[in-house]
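1. what follows is a predicted structure for the sequence shown.
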Amino acid sequence: MHSTMFTKLISILMLFICWQITTVNAYVVAEKEQTHEKLLCPSIPIFESVAYGTDMTIELPCKCRPDKNTQVYWFYKQSVNSVATRMLTPDGTHKSLHVESKIITKVYNVIIHKARVKDSGIYLCGNGDGAFFWGYELDVQDTSNAYVAFQEHRQDPQPDLQTEHLTAFTAFWKWQKCDRCDGPGEQRKIGFCYVSSAHLKPRYMLSQSSVVPCGSHGIPDNLRKEISDRRPEIFIRSCNVPCHIRVPGFKGTADYLWHQLSKIKTFIPFFPNAPTEKHKHTLGSSLTLACPGAKPGDAVAWDKNNKHFYKSDYLIGQKEATRIYIDHGNNLNFRYVRYSDEATYYCWLQGKLKAGIKLILQADPTEKRKFSDADSILAMKYIGVSFVIFFFIFVMVHCIKFSAYTFKCSPSPCIADMV
């Protein structure tokens, strides 16, 4: 009997192993087919129209290559009809938490940090010989005047704009995750302006036959006036989710206890709640902080030590967003920094505490000047002219005073005074 049971167990085990091998092989084949499919490029470059907002960090991948060994280069031009094409040279990775507006290439992707409206245009990936594989028409829409609504205030989205020639509507991204856990947080849903029309230029269209972003060059010039007042939209609502959900069983109980024990570090003085790096900055200057690894569609929140910066108060355009504000790219901005801003700033990414930035402020370092410097020569000119003017005024005042004294005195009183 034992021998029969053992034989059955061996048979079941062999069947399981064979099933796993078959599954793995099927996965490998599917992965190879998928990789091969990604390498197929269209004979004519396709311009994929995409819309993002200002202040966002945008990453555009090169979706195809004729050969996996082909080195990819990125090119930019303002529109399809533009003659001038500029190659985007690699500039390394963006490691600093201090955001700068710049465009870099990384492996097969192009990354636009803190995008601006002027970054809109055609982005093409290709080889060094000028052959293009894939293209994007990027529409960076201005979110500085975005239509911001709060669900708790029962505010409604913008209605669709329908005219004789087109329909303008807002295409919303899905709701982001709650930006904080184990406490009150917020969720954001952002939407960008799109146009549906039968009068669009075919080369700019998306997979849907007649839809492009509102800033696309595929919209005829005579129709642009009809959508000039259309704005991007942002919806915000409150949320409250736990950081850890307890799962039944021994492992779930152990994970839950470990999570509870990890909270003790928040009560230990001088112990950072997350990996922290120092950032030195000049007093009185502007500053922008970005959460490392955050993408445009991610949920990001900011804290100053234990103080929460909620978007309902600090989102750009709100009542508290005067000197310190959060832009629509999830960056924390200071119009100017002062000594009271020296603290540790924590960012939450997708509901989890991600990183800390210890801000250290320092005065503007003094710079030694030489007499041959242009500023020194200009200063000496001003000092010299001022000295001549004041000396002339001094002499004139004393001459006038002496003349008045001489005119007032007659010979006899003056002689009497002298005696």
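-> Looks like it came in fine. Residues are numbered from 1 along each chain as shown.

2. what about the helices in the stretch 1-150 of the chain?
-> For the stretch 1-150 of the chain, the helices defined by DSSP state H, counting those that start in this stretch occupy 2-39.

3. the strands in the stretch 301-419 of the chain, which residues?
-> Applying DSSP state E, counting those that start in this stretch to the stretch 301-419 of the chain gives strands spanning 307-309, 324-326, 332-334, 344-349, 352-362.

4. what angle sits between the last one and strand 344-349?
-> Relative orientation of strand 352-362 versus strand 344-349 (axes from the mean of the first three to the mean of the last three CA atoms, to 10 degrees): 150 degrees.

5. partner strands of strand 352-362, with direction?
-> strand 276-282 (parallel), strand 344-349 (antiparallel) (DSSP bridges).

6. pipe those into a markdown table and attach mean neighbour count, mean pLDDT and distance to residue 375 per row.
-> Heads up, the C-betas are built off the backbone N, CA and C, glycines and all. Below are the strands paired with strand 352-362 laid out as a markdown table (neighbours: other CB atoms under 10 Å; pLDDT from 0 to 100; distance: least, CB to CB, whole Å):
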| stretch | mean neighbour count | mean pLDDT | distance to residue 375 |
| --- | --- | --- | --- |
| strand 276-282 | 13 | 91 | 19 |
| strand 344-349 | 22 | 94 | 36 |
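
7. could I get those strands as a markdown table with distance to residue 145?
-> Conversion of these to a markdown table gives the following (distance: least, CB to CB, whole Å):
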| stretch | distance to residue 145 |
| --- | --- |
| strand 276-282 | 29 |
| strand 344-349 | 26 |
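
8. for residue 304, which of those strands is the nearest?
-> strand 344-349 (5.6 Å; CB to CB).

9. that older thread, ranking the strands of the stretch 301-419 of the chain by burial, who's on top?
-> Most buried of the strands of the stretch 301-419 of the chain, by mean neighbour count (mean count of other CB atoms under 10 Å): strand 344-349, with a mean of 22.

10. contacts for that strand?
-> 179-180, 272-274, 276, 289, 291-294, 298-305, 332, 353-359 (CB atoms under 8 Å, 6 or more residues apart in numbering).

11. do that again at 6 Å, thanks
-> The contact list for strand 344-349 (CB atoms under 6 Å, 6 or more residues apart in numbering) reads 179-180, 274, 291, 294, 300-305, 354-358.

12. pull the CA atoms of that strand into CSV?
-> The C-alpha coordinates for strand 344-349 follow below in CSV (Å, rounded to 0.1, in the frame of the first residue of the first chain):
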residue,chain,number,x,y,z
THR,A,344,13.5,67.6,6.2
TYR,A,345,10.9,67.2,3.4
TYR,A,346,9.4,63.7,2.8
CYS,A,347,7.7,62.6,-0.4
TRP,A,348,5.2,59.8,-0.7
LEU,A,349,5.0,57.8,-3.9
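
13. gap between it and the chain center?
-> Mean C-alpha position of strand 344-349 versus that of the full chain (CA atoms, centre = their mean, to the nearest Å) differs by 15 Å.

14. same question, stretch 47-55
-> The gap between where stretch 47-55 is centred and where its chain is centred comes out at 13 Å by CA atoms, centre = their mean.

15. now do the buried residues in that stretch.
-> Within stretch 47-55, the residues scored as buried using 16 or more other CB atoms under 10 Å are 47, 48, 49, 50, 51, 52, 53, 54, 55.

16. what's the answer for stretch 302-313, then?
-> Going by neighbour count (16+ other CB under 10 Å), the buried part of stretch 302-313 is 302, 303, 308, 309, 310, 311, 312.

17. how far off strand 344-349 does the strand ranked longest in the chain point, in degrees?
-> Using DSSP state E to define each element, the chain has its longest strand at strand 183-197. In terms of direction (the same axes, to 10 degrees), strand 183-197 departs from strand 344-349 by 50 degrees.
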